[in-house]
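Participant: Quick one: sequence and predicted model below, then my questions.
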Amino acid sequence: MPNTDVSSYLRHLPALFQQDTDTGDVPFIGRFLLAFEKLLTGLGDEAQPGLEEILDGIRDPASSTPKLAGIYRYFQPGPGLEDSQRTSEAFLEWLAGWVALSLQENWTPEEKRRFIAEIVPSYRKRGTKAGLESVLTAYTGMGANVRELLEPLQVGVTSTVGVDTTIGGAPPYYFLVEVFFQASDARVFEDKKQIVRQIIDREKPAHTYYDLVPKIPTLQIGVHSTVGVDTLLGD
């Protein structure tokens, strides 16, 4: 940990300027140079790094492990990473612009990070079943399944009307979208459903239409059993 009472720049000055005062206080010039050191090379403060620390990062002097990533962290959306290893929330809109992505105001920061990190590989599949599943999974983090209902009626295989088959066959250009949600309170759940519909409407081929089938983990003791976190009460 650097001594923040006096600037390390002081050692580069002639000995005359490094001498303590008669009272034994730290030389004024040593304290004065702290302002320049903080701005230029930094003082090991992760919250307010200096220019050199922004470029190269900050390492623990004892273990040499990174405490703050270098300038590349500004290009790292970093879902799941510590804040010191990824870009700040303020830079997410800027990163989204680099990948031609419009973020919604009502998305959480972690949803934005995950979407930015995973959107580019899905562009090559845009307009396809796999592409839509990929984009929806990027938003929810829990998976999605697009079903086109093309299989004919097969007893014991596709034989449940309204679930995996339809009487008279499925209409053209129609598909079902099953999306898995991390359950919280009912209001948040409704908001997430609305966002999912917006994503589907934007990503699907214009001539197609669909129904959304939300999937929420059912109550399982020890697995999905915390109301408001991973399960809901009621419909």
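Facilitator: It's in. What you see is a predicted model, and the numbers here were worked out from it, not measured in a lab.

Participant: alpha carbons only for contacts and neighbour counts from here, please
Facilitator: Will do.

Participant: dump the residue contacts of residue 38.
Facilitator: 49-50 (CA atoms under 8 Å, 6 or more residues apart in numbering).

Participant: And residue 82, by the same measure?
Facilitator: Contacts of residue 82 (CA under 8 Å, 6+ apart): none.

Participant: And the pLDDT at it?
Facilitator: Confidence at residue 82, expressed as pLDDT, is 87.

Participant: ok, now residue 71?
Facilitator: 80.

Participant: ok, the closest residue to it other than its chain neighbours to residue 49 distance?
Facilitator: Excluding the flanking residues, the one nearest residue 71 by CA to CA, 6 or more residues apart in numbering is residue 55, at 4.6 Å. Residue 55 sits at a distance of 10 Å from residue 49 (criterion: CA to CA, to the nearest Å).

Participant: same question, residue 137
Facilitator: For residue 137, the distance to residue 49 - CA to CA - is 35 Å.

Participant: Then residue 173?
Facilitator: 55 Å.

Participant: what about these two, which has more around it?
Facilitator: residue 49 (20 against 12; other CA atoms under 10 Å).

Participant: for that one, phi and psi?
Facilitator: For residue 49, the backbone dihedrals are phi -70, psi 150 (criterion: degrees, to the nearest 10).

Participant: how about it, what does it touch?
Facilitator: 38-39, 42-43.

Participant: domains in this protein, as residue ranges please.
Facilitator: The chain breaks down into these domains under automatic domain parsing: 1-68, 124-235.

Participant: Centre of the chain to stretch 187-207, how far?
Facilitator: 19 Å (CA atoms, centre = their mean, to the nearest Å).

Participant: so residue 127 makes contact with residue 201?
Facilitator: No - applying CA atoms under 8 Å, one finds residue 127 not in contact with residue 201, separated by 10.9 Å.

Participant: From the centroid of this protein, which residue is nearest?
Facilitator: Most central in the chain under CA atoms, centre = their mean is residue 113, positioned 2.1 Å from the mean C-alpha point.

Participant: which regions of this protein lie under the pLDDT threshold?
Facilitator: 1-4, 19-26, 64-66, 150-170, 183-184, 218-235 (pLDDT under 70).

Participant: same thing but 80
Facilitator: 1-5, 11, 13, 15-28, 30, 38-42, 44-70, 149-171, 182-186, 217-235 (pLDDT under 80).

Participant: Where do the helices of it begin and end?
Facilitator: For the chain, the helices defined by DSSP state H cover 15-18, 28-40, 51-56, 92-98, 109-123, 129-140, 186-203.

Participant: How much space separates residue 211 from residue 171?
Facilitator: Distance from residue 211 to residue 171, by CA to CA: 12 Å.

Participant: try residue 9
Facilitator: Between residue 9 and residue 171 the computed distance is 76 Å (CA to CA).

Participant: repeat for residue 27
Facilitator: Taking CA to CA, one finds residue 27 at 84 Å from residue 171.

Participant: Residue 69 now?
Facilitator: 53 Å.

Participant: just residue 85 next, same as before
Facilitator: 49 Å.

Participant: So between those two, which is more surrounded?
Facilitator: Between residue 85 and residue 171, counted using other CA under 10 Å, residue 85 has the larger neighbour count: 20 against 12.

Participant: mind listing what that one touches?
Facilitator: 68-69, 73, 76, 78.
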